[in-house]
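S.K.: Output the structure for:
(one chain, ligands or ions: 1)
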Amino acid sequence: MTAPTLPVAPVPTPTPHSPAGPLVMQARGLIKRYGHVTAINGADFELRPGEIMAVIGDNGAGKSSLIKALSGAVIPDEGEILLDGKPVHFRTPSDARREGIETVYQDLAVAPAMTIAENLFLGRELYVGGPLGRLLKVIDRKRMLTEATQHMQGLQFAIKSMNQPVETLSGGQRQGVAVARAAAFARHVVIMDEPTAALGVREGNMVLDLIRQVRDKGLPVILISHNMPHVFEIADRIHVHRMGKRAALLNPKKISMADTVSVMTGALAADDLSADVLAH
Ligand SMILES: Nc1ncnc2c1ncn2[C@@H]1O[C@H](COP(=O)(O)OP(=O)(O)OP(=O)(O)O)[C@@H](O)[C@H]1O
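M.R.: As a prediction, the model looks like this:
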């Protein structure tokens, strides 16, 4: 078996977000109970190629539980998840990763003392070819550095040296490394849980740019965020989660931020909205 390598040219063909597009990922009627608490209560979800789908909802609405089910961290009690139209049954996050679903968690999964290049290949190191290299597991630093540089350039992520330890980077740059790593290995979907939460304005914008680059390379993105201006700036569609299920699918180009918050809090029901603000 050949060692995994950063897919410098992204695997999916860039597909513009199109209303008629097929679904990359879909969930139907998901349910997850913890004793008396029903964290996911018949949730539906869908994601098309090349789109950024924001998932928003009040605290405790069940966003994390939904995302955990989609990324294999939680096994739903009922319902089904489909990838490219085919049912999948994730038992662990590794199962989801094997299917090309990468998740960037809020608590940065980067190794501070390691370089950017090493972080990009963390757990998927490249080894020097040939029987001896493979036998002794000699890490191919040169190839990792070249491929990491190409990948970062492909995402237009400006970093002076890939040999810098991640601890020398700013918070936004670190988050950028985590996003770039997910984008490098995802073949289907990148899931991001509050990627801009801990960042200042400039750094947050930098990460938003990077997320757009990931989308524009053809990878659909699921973005959980409480930051409404960020959601409105970047999302193609908004999934509003409320009381464990999807309350509405909204078009950020048509609906106001105030009405979106009202749907989120339950002050407005999806049925009260005019059809043109709903996403299709
Ligand atoms: N492992 C668990 N055990 C028991 N209850 C849980 C567990 N995980 C989630 N819950 C409950 O399920 C409900 C939904 O939680 P979840 O974390 O999915 O919501 P959320 O929308 O992501 O919230 P937040 O925005 O605050 O992170 C909450 O009532 C929560 O307490």
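S.K.: show me what contacts the closest residue to the ligand within the stretch 101-250 of the chain?
M.R.: Of all residues in the stretch 101-250 of the chain, residue 241 sits closest to the ligand, with a separation of 6.5 Å (Cβ to the nearest ligand atom). (Each C-beta comes from the backbone N, C-alpha and C, glycine too.) Applying Cβ atoms under 8 Å, 6 or more residues apart in numbering, we find residue 241 in contact with 43, 55-57, 61-63, 66, 247.
S.K.: a markdown table for those, including distance to the ligand?
M.R.: Formatted as a markdown table, these follow (distance: Cβ to the nearest ligand atom, whole Å):
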| residue | distance to the ligand |
| --- | --- |
| 43 | 10 |
| 55 | 9 |
| 56 | 9 |
| 57 | 5 |
| 61 | 4 |
| 62 | 4 |
| 63 | 4 |
| 66 | 7 |
| 247 | 12 |
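S.K.: Now the two most distant members of those.
M.R.: Spanning the widest gap among the contacts of residue 241 are 43 and 56, at 13.8 Å by Cβ to Cβ.
S.K.: thinking again about what came up before, now do the same contact list for the nearest residue to the residue of the stretch 101-250 of the chain closest to the ligand once chain neighbours are set aside.
M.R.: Of all residues not flanking residue 241 in the chain, residue 57 sits nearest, at 3.5 Å (Cβ to Cβ, 6 or more residues apart in numbering). Residue 57 makes contact with 63, 240-242, 247, 264 under the criterion Cβ under 8 Å, 6+ apart.
S.K.: returning to what we had before: now do the SS call for the residue of the stretch 101-250 of the chain closest to the ligand.
M.R.: Recorded secondary structure, residue 241: strand (DSSP: H, G, I helix; E, B strand; the rest coil).
S.K.: Now the lowest-mean-pLDDT helix or strand in the chain - C-alpha only, PDB.
M.R.: The helix or strand of the chain with the lowest confidence, counting by mean pLDDT, DSSP states H and E, is helix 130-136 at a mean of 75. Only the C-alpha atoms of helix 130-136 are listed here, as PDB (Å, rounded to 0.1, in the frame of the first residue of the first chain):
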ATOM      1  CA  GLY A 130      12.200   1.600  -1.000                       C
ATOM      2  CA  PRO A 131      12.300  -1.400   1.200                       C
ATOM      3  CA  LEU A 132      14.700   0.000   3.800                       C
ATOM      4  CA  GLY A 133      12.800   3.300   4.200                       C
ATOM      5  CA  ARG A 134       9.600   1.400   4.700                       C
ATOM      6  CA  LEU A 135      11.100  -1.100   7.000                       C
ATOM      7  CA  LEU A 136      12.800   1.500   9.200                       C
END
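S.K.: Mind giving me the packing neighbours of it?
M.R.: On a contact count with 3 or more Cβ pairs under 8 Å, 6 or more residues apart in numbering; DSSP states H and E, helix 130-136 meets no helix or strand.
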